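Colleague: pasting the sequence and the predicted model now:
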Amino acid sequence: MKLNEIIALDDAYYMNTFGKRTPVAFKKGEGIHLYTTEGEKYTDFMAGIAVTALGHSHPDFVKRLTEQVGELLHTSSLYYIENQAKLAEKIVKNSCADRVFFANSGAEANEGAIKLAKIYHYKKGNTNKNEIITLVNSFHGRTLTTVAATGQEKYQKPYKPLTPGFSHVEINDLDALLNAVTENTAAIMLELVQGESGVHPTTVEYVKALRKLCDEKDILLIVDEVQTGMGRTGKLFAYEHYGIEPDIFTLAKALGNGVPIGALCAKQFAADGFEPGDHGTTFGGNPLATCAGNAVFDILEQENLVENAKNMGEYFKKKLEELKSETGKIKEVRGMGLMLGAELSEPIAKDIQAKLFAHKYLTGAVGTTVLRLLPPLIITEKDIDEFINVLKECLINE
Ligand SMILES: Cc1ncc(COP(=O)(O)O)c(C=O)c1O
């Protein structure tokens with residue numbers, strides 16, 4: 001189909017929740033490149049919002065998924081599933097978790113985490129300990145409960161009343177957190193680098209203090225690693241940068257490299273909150289989704305991609321810092337690994353994003369000032385150099 005035909009179909013039938021989309025439809029992907037229906041080539045510096053960590057159409061990934069599709073897609077979790085058990089083992093062996101449950105998305109993994117925190121205290125007889133503190137400007141998903149967890153009014157307003165029991169405190173403000181904690185606080189939930197609101201990292205001292213507070217007050221620490229997890233920040237999980245271990249953490253996005261999957265990961269004592277019948281899913285952890293997760297783990301390891309994310313992240317940051325001094329158009333460079341944000345000195349983020357698009361680069365803009373960069377973890381110095389040259393031109397000519 002031609003692009004104009006796709007747009008006409010979309011206009012006629014799709015629910016318009018995404019507003020006016022960028023006028024392009026991709027037909028094929030290869031590595032860090034995407035090819036449109038009109039045969040144009042783009043370079044992907046967003047990885048489908050931190051999803052396609054291995055790049056597009058990675059040959060091993062394609063091979064393993066293709067074999068799985070030909071063999072078996074779904075059975076239901078009433079039966080044992082080899083891929084599911086293997087992926088749970090991989091996550092446990094590479095993290096602080098002892099148990100894993102698979103969902104279909106980040107929001108759903110976070111719903112599971114919130115349910116687990118509540119039921120953990122409930123089973124201990126603390127039925128009033130059911131409140132959750134999250135951060136202002138956080139993003140945890142679009143279900144009613146994860147919207148309540150998300151500390152952004154714009155996502156909440158039309159859906160009130162929301163799931164009760166959530167309060168929000170400013171990032172990196174320990175006093176605000178201490179004031180918000182009550183004897184009914186069941187959990188504190190946060191992203192260690194807030195992605196959707198413009199790439200804002202938490203500080204090590206804040207996270208360490210928060211961990212200590214949770215230990216002292218029998219509060220569960222839930223880390224949302226939906227965006228930061230699977231190597232994006234230069235470690236397999238972002239909590240490794242902080243010298244702490246969460247009680248519960250969640251994964252999605254890059255875990256499936258494009259195949260929908262989410263994971264709720266917990267220490268044994270917390271996981272014990274769920275007993276048979278307390279939680280469930282039809283699709284979660286099916287043979288196809290968990291085949292994708294296993295392949296992602298294997299390929300990350302074979303190609304040393306977490307290390308590459310660390311090295312390329314440092315290189316990219318250095319290059320952005322150089323652009324900052326050369327152009328004066330960048331105020332601050334934030335982020336970890338290949339989860340980067342450039343805060344621009346003027347409200348031109350959307351213009352710069354549009355100019356980069358005209359140069360066939362896919363990037364993101366948050367609000368009016370933040371240019372967001374989430375390239376696939378397979379990126380090289382050469383790819384970054386080429387992008388930086390184009391970005392420089394866009395900034396200078398702004
Ligand atoms: C930190 C974080 N949590 C949760 C979500 C929701 O994930 P999903 O869209 O897969 O439900 C996102 C999505 O952007 C996210 O960035």
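Modeller: Arrived safely, thanks for sending.

Colleague: just the closest residue of this structure to the ligand, please.
Modeller: When distances are taken as Cβ to the nearest ligand atom, the chain reaches nearest to the ligand at Gly106, 2.3 Å away. For glycine as for every other residue, the C-beta is placed from the backbone atoms N, C-alpha and C.

Colleague: which residues touch that residue?
Modeller: His140, Gly141, Asp224, Val226, Gln227, Thr250, Leu251, Ala252, Lys253, Gly262 (Cβ atoms under 8 Å, 6 or more residues apart in numbering).

Colleague: per-residue pLDDT, the second one?
Modeller: Right, Gly141. Listed pLDDT for Gly141 reads 98.

Colleague: likewise for the fourth one?
Modeller: With respect to pLDDT, Val226 has a value of 98.

Colleague: distance of Asp351 from Gly151?
Modeller: Distance from Asp351 to Gly151, counting by Cβ to Cβ, to the nearest Å: 28 Å.

Colleague: between the two, who's got more neighbours?
Modeller: More crowded of Asp351 and Gly151, by other Cβ atoms under 10 Å: Gly151, with 24 against 15.

Colleague: dump the residue contacts of that one.
Modeller: Neighbour list for Gly151: Thr134, Leu135, Val136, Asn137, Ser138, His168 [criterion: Cβ under 8 Å, 6+ apart].

Colleague: so what pairs up with the nearest residue to Gly364 once chain neighbours are set aside in the strands?
Modeller: With Cβ to Cβ, 6 or more residues apart in numbering as the criterion, Gly364 has its nearest non-adjacent residue at 3.5 Å, and that residue is Arg372. In this entry, Arg372 is beta-bridged to Gly341, Gly364, by DSSP bridges.

Colleague: now do the contacts for Arg372.
Modeller: Contacts of Arg372 (Cβ under 8 Å, 6+ apart): Met46, Gly195, Gly198, Val199, Leu340, Gly341, Thr363, Gly364, Ala365, Val366.

Colleague: make CSV from these and add distance to the ligand to it.
Modeller: Formatted as CSV, those follow (distance: Cβ to the nearest ligand atom, whole Å):
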residue, distance to the ligand
Met46, 12
Gly195, 5
Gly198, 12
Val199, 11
Leu340, 15
Gly341, 13
Thr363, 16
Gly364, 11
Ala365, 15
Val366, 12
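
Colleague: got the residues of the stretch 151-300 of the chain near the ligand?
Modeller: By Cβ under 6 Å from any ligand atom, the residues of the stretch 151-300 of the chain that approach the ligand are Glu191, Gly195, Glu196, Asp224, Val226, Gln227, Ala252.

Colleague: in strands only, show me those residues.
Modeller: Asp224 (DSSP state E).

Colleague: so of the residues of the stretch 151-300 of the chain next to the ligand, which two are at opposite extremes in space?
Modeller: Pairwise distances across these peak at 13.3 Å for Glu196 and Ala252 (criterion: Cβ to Cβ).

Colleague: which of the two has more residues huddled nearby?
Modeller: Taking other Cβ under 10 Å, Glu196 and Ala252 do not tie; Ala252 has more neighbours (28 against 18).

Colleague: just to check, that one is in contact with Glu111?
Modeller: No: with contact defined as Cβ atoms under 8 Å, Ala252 does not reach Glu111; the gap is 11.5 Å.

Colleague: all set, thanks.
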